[in-house]
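Chemist: Structure of the sequence below:
(one chain, ligands or ions: 2)
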Amino acid sequence: MLKLKVPATTANLGPGFDTLGMALELYNTLEVTKIEEGLEIIIEGYGADELPIDEKNLVYQAMNKVFKKTCYYPSGLRLRLSNQVPLARGLGSSATAIVAGMVAANKLTGEKLSTEELLNLATRLEGHPDNVAPALLGGIVVSTLQDKGRVMYEKIAVPELKVVVCIPDYQVSTTEAREVLPKKVDFADAIFNVSHTALLITGLLNQDYDLVGRALEDRLHQPYRQKLLPGFNKLVNKVDKNALGVVLSGSGPTVIALTLDKEEQIGEEMVSIFTEEGIEANYLVTSPTNQGIITY
Ligand SMILES: Nc1ncnc2c1ncn2[C@@H]1O[C@H](COP(=O)(O)OP(=O)(O)O)[C@@H](O)[C@H]1O
Ligand SMILES: N[C@@H](CCOP(=O)(O)O)C(=O)O
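Modeler: Ligands and ions are numbered 1, 2, ... in the order given. This is a model prediction of the structure:
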């Protein structure tokens, strides 16, 4: 039996749209057992009532991509998913499913694919590299999709910060949150994001957390996604005073605050701002992690 533990990820980190992602200490686990025939899927935790338990399940689809590429066909499989990462909230649940499925399948084949090949394959299924890269590798990963579907990436160490994760009680699929984005952007906004992303990376590398906080601004996706998240502006303006910065996690609706202290106070403040907007939400405090997926 194989057991894997894969981290949730928070993508974009403000200005780094489709480019930056960070692994968090919040996990899904997958157990894979070879059986004589067929496919059995057992799901505990998030998605137990809504995820498919047949070939349509994303974990199995991801495994199948590896089986096809390596011409390995197991007789039968039992998958046990234990999910602590909520679905469609902007915490990379689809990336956990894809990365766990692909890494597990690759183990079964005797590791025929390299880490790079797995990353390229996972990115093709997910559509963008910024969640799958840190789910696979851990840390903060700067990545871009090149011609021929190859991912160019660099991993940097995570900051010693707390992450307050405020999760509204409704789903927004990444597909839906990408549909509200414009086809073209203003040149000045593009420059704004290039400069802020560069400053953010500089701040992270130099452990200059004041700079990290000031660089967390974005003009490429958050302004357009606000319509899917009432209260986001109020949240940024109010909570920014206590935290280093507040950004949408991935495509939302989860919002994260990066902070050095006062994490419980910040979490409660975030929940109360959502409550004022008539949105139920809860928060958890976690930390970034340098460890990506682990196989036991
Ligand atoms: N643990 C899981 N097992 C199987 N499929 C999953 C799992 N987690 C997420 N998915 C699939 O991914 C979808 C959510 O993906 P997406 O909209 O990109 O949101 P997220 O921001 O959480 O990645 C779910 O609706 C489901 O189809
Ligand atoms: N760069 C993507 C990230 C989506 O992350 P998710 O956790 O919401 O799937 C985007 O912003 O669309």
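
Chemist: Other residues contacting stretch 97-107?
Modeler: The contact list for stretch 97-107 (C-beta atoms under 8 Å, 6 or more residues apart in numbering) reads 2, 4, 6, 28, 30, 32, 57-67, 70, 72, 81, 112-113, 118, 121-122, 125-126, 132, 135-136, 292-293, 295. For the C-beta atoms, the positions are set from N, CA and C on the backbone; glycine is no exception.

Chemist: Counting neighbours, which bits of it end up buried?
Modeler: Within stretch 97-107, the residues that count as buried by 16 or more other C-beta atoms under 10 Å are 97-106.

Chemist: Likewise for stretch 222-235?
Modeler: For stretch 222-235, by 16+ other C-beta under 10 Å, it's 222, 224-226, 228-232, 235.

Chemist: okay, how far is it across it, tip to tip?
Modeler: End-to-end span of stretch 222-235 (C-alpha to C-alpha, to the nearest Å): 13 Å.

Chemist: can you list contacts of it?
Modeler: 14, 166, 168, 172, 176-177, 180-182, 246-248, 251-253, 255, 270, 273-274, 276-279.

Chemist: What of stretch 59-67?
Modeler: 30, 39, 41, 54-55, 72-74, 77, 79, 81, 97-102, 104-106, 109, 113, 118, 121-122, 125.

Chemist: Just the residues you listed: which are in strands?
Modeler: With DSSP state E as the criterion, strands contain 30, 39, 41, 77, 79, 81 from among the contacts of stretch 59-67.

Chemist: what about the third one, distance to ligand 1?
Modeler: The reference is to residue 41. Separation of residue 41 from ligand 1 (C-beta to the nearest ligand atom, to the nearest Å) stands at 9 Å.

Chemist: could you list every residue that touches that residue?
Modeler: By C-beta under 8 Å, 6+ apart, residue 41 lies in contact with 52-54, 57, 59-60, 78-81.
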